[in-house]
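Engineer: Sequence first, predicted coordinates after that:
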Amino acid sequence: MARPQFVFSAESVEEELVPFLDTPRAAPNRLDWETLDSWLTPQDQVFNVQHYGTPEVDIESYQLSIDGLVDQPRTLSLEDIKALPREERLMTLECSGNGASPGFMDAVYNSRWVGTPLAPLLKSCGLQSGAKEVVFFGHDTKEETLRPDTKNELTVEVPFGRSLSLEDALNLPAILAYERNGEPIEHRNGAPVRLIVPGWYGVANVKWLKQIEVRDRRYMGRYMGRDYVTVRGEKQGGEVVFVESSVTRMNLKSIIARVTRQETVDGKIPLKAYGAVWHTDSRRIKGVEVQLDGGNWQPAVLDAEPRAEHSWVFFSIDLGLVEPGKHTLVSRAIDTNGHVQPTAEDDEIALKKTYWEAYQQWPREVELEA
């Protein structure tokens, strides 16, 4: 029989999966790490998060408006957008809360998106001199209450929105996407058109795109100014000062995706581990190390292919012969600047008060029988 093409290049047909202990199985429409078998994630393992519900959008009558501080406002149908220059982006998209708890470790996926680049479309509208911010609004809306329980309480219906600075909008490789992995984007993932910003957390990739507005001041909607704001303690002069920052670019992160074994040899078990590492720019990934049972950190092997600037990189490590019993494995990524993926006890994670940007090391436990 021909050898099957495993997603991890170092994996062989003789290896048997060792399930993780105390880890819930993946829910529908979530990544199942232990059965991951493709560099590009299949649709049935793609997550979706929506804060204002899932709107109904009629593809036949769909229109996207571009307005605000532009000389030539435009209204585009789906066919108009498809007629514009077509480009693809290979990208890992992760929810910024992914990894905040053992039951939420599967909100990440890798895709080949196709759409039209954002920057030339904005430029074609004639950006005015006062333009500073580009806001992306979806079809999804919700009533929001501002200043609740005060005499200034106000309830208004608002669309979901996120923004980019004009500089980022013109220089990032963002696209208005309408295909994922060669198929039209599914409705739950933002069809017919969504914003894709490679290297940024999922919340920035606005779904069900309805309007792009160029503004002369900061946009401070709920998911820019109140939610998806990381509150992190920083030690300054012997004191801890809490600083708030917007959730934008993805942080360096790795995870052991699965562990495999082979038949027992002289009472011990041959053990291997496989995983994925990603960053806002994968070219900044220097390496991954793996630790078994608190021992020395050992270098893993990064797969040479496939690779893409904004996509995850797979890694593997042969851990040799291991005694039967329970074992703990953990990975840590290192970037080209020498920054090491932190543990949950390191200040940059331990002093973080919000669950967004959950990029700490994540130990995995397995049990081996001889």
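Structural biologist: Received it, and whenever you're ready, just let me know what you need. Since this is a predicted model, take the numbers as computed values, not measurements.
Engineer: hey, let's count contacts and neighbours off CA atoms from now on
Structural biologist: OK.
Engineer: Tell me which helix or strand the closest residue in space to D293 that isn't next to it in sequence sits in.
Structural biologist: Nearest residue to D293, sequence neighbours excluded (Cα to Cα, 6 or more residues apart in numbering): T328, at 5.0 Å. For T328, the element it lies in under DSSP states H and E is strand 325-335.
Engineer: Now do that strand: distance to the chain's middle.
Structural biologist: 21 Å (Cα atoms, centre = their mean, to the nearest Å).
Engineer: Pull the number of nearby residues for the residue nearest to D293.
Structural biologist: 15 (other Cα atoms under 10 Å).
Engineer: so what's it scoring on pLDDT?
Structural biologist: Note on T328: pLDDT of 98.
Engineer: Am I right that it is in contact with V322?
Structural biologist: No - with contacts defined as Cα atoms under 8 Å, T328 does not count as touching V322, sitting 11.7 Å away.
Engineer: Is S129 in a helix, a strand, or coil?
Structural biologist: coil (DSSP: H, G, I helix; E, B strand; the rest coil).
Engineer: residue boundaries of the strands in the stretch 251-370 of the chain?
Structural biologist: Using DSSP state E, counting those that start in this stretch, the strands of the stretch 251-370 of the chain run over residues 253-261, 269-278, 285-292, 297-299, 301-302, 313-322, 325-335, 364-368.
Engineer: Compare the ones you listed and report which one is nearest to F137.
Structural biologist: strand 269-278 (27.7 Å; Cα to Cα).
Engineer: Partner strands of that closest one and their direction?
Structural biologist: Looking at strand 269-278 with DSSP bridges, its partner strands are strand 253-261 (antiparallel), strand 313-322 (antiparallel).
Engineer: Including distance to R194, could the ones you listed go into TSV?
Structural biologist: Putting these into TSV (distance: least, Cα to Cα, whole Å) gives the following:
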stretch	distance to R194
strand 253-261	25
strand 313-322	25
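Engineer: In TSV: those strands, plus mean neighbour count.
Structural biologist: Formatted as TSV, these follow (neighbours: other Cα atoms under 10 Å):
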stretch	mean neighbour count
strand 253-261	23
strand 313-322	20
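Engineer: one step back: which one of the strands of the stretch 251-370 of the chain lies nearest to S38?
Structural biologist: strand 313-322 (10.6 Å).
Engineer: Alpha carbons of the closest one, as CSV, please.
Structural biologist: The C-alpha trace of strand 313-322 is given here as CSV (Å, rounded to 0.1, in the frame of the first residue of the first chain):
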residue,chain,number,x,y,z
VAL,A,313,4.2,26.3,10.4
PHE,A,314,4.0,22.7,11.4
PHE,A,315,6.7,21.1,13.6
SER,A,316,7.6,17.7,15.0
ILE,A,317,9.9,16.1,17.5
ASP,A,318,11.1,12.6,18.3
LEU,A,319,11.1,12.2,22.1
GLY,A,320,12.7,8.8,22.1
LEU,A,321,11.8,6.0,24.4
VAL,A,322,9.5,7.0,27.3
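Engineer: Show me how far stretch 228-237 is from its chain's centre.
Structural biologist: Mean-position distance between stretch 228-237 and its chain equals 22 Å (Cα atoms, centre = their mean).
Engineer: Quick check: buried residues in that stretch?
Structural biologist: The neighbour-count criterion (16 or more other Cα atoms under 10 Å) identifies 228-234 as the buried residues of stretch 228-237.
Engineer: And for stretch 217-228, what's in contact with it?
Structural biologist: Contact with stretch 217-228 is made by 131-133, 135, 160-163, 229, 246-247, 356, as judged by Cα atoms under 8 Å, 6 or more residues apart in numbering.
Engineer: so of those residues, which ones are in strands?
Structural biologist: 133, 135, 160-163, 229, 246 (DSSP state E).
Engineer: Could you work out the most separated pair of those residues?
Structural biologist: Top of the distance list for these (Cα to Cα): E133 and V229, 18.2 Å.
Engineer: Let me have the strands paired with strand 269-278 in TSV, extended by mean pLDDT.
Structural biologist: Formatted as TSV, these follow (pLDDT from 0 to 100):
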stretch	mean pLDDT
strand 253-261	96
strand 313-322	97
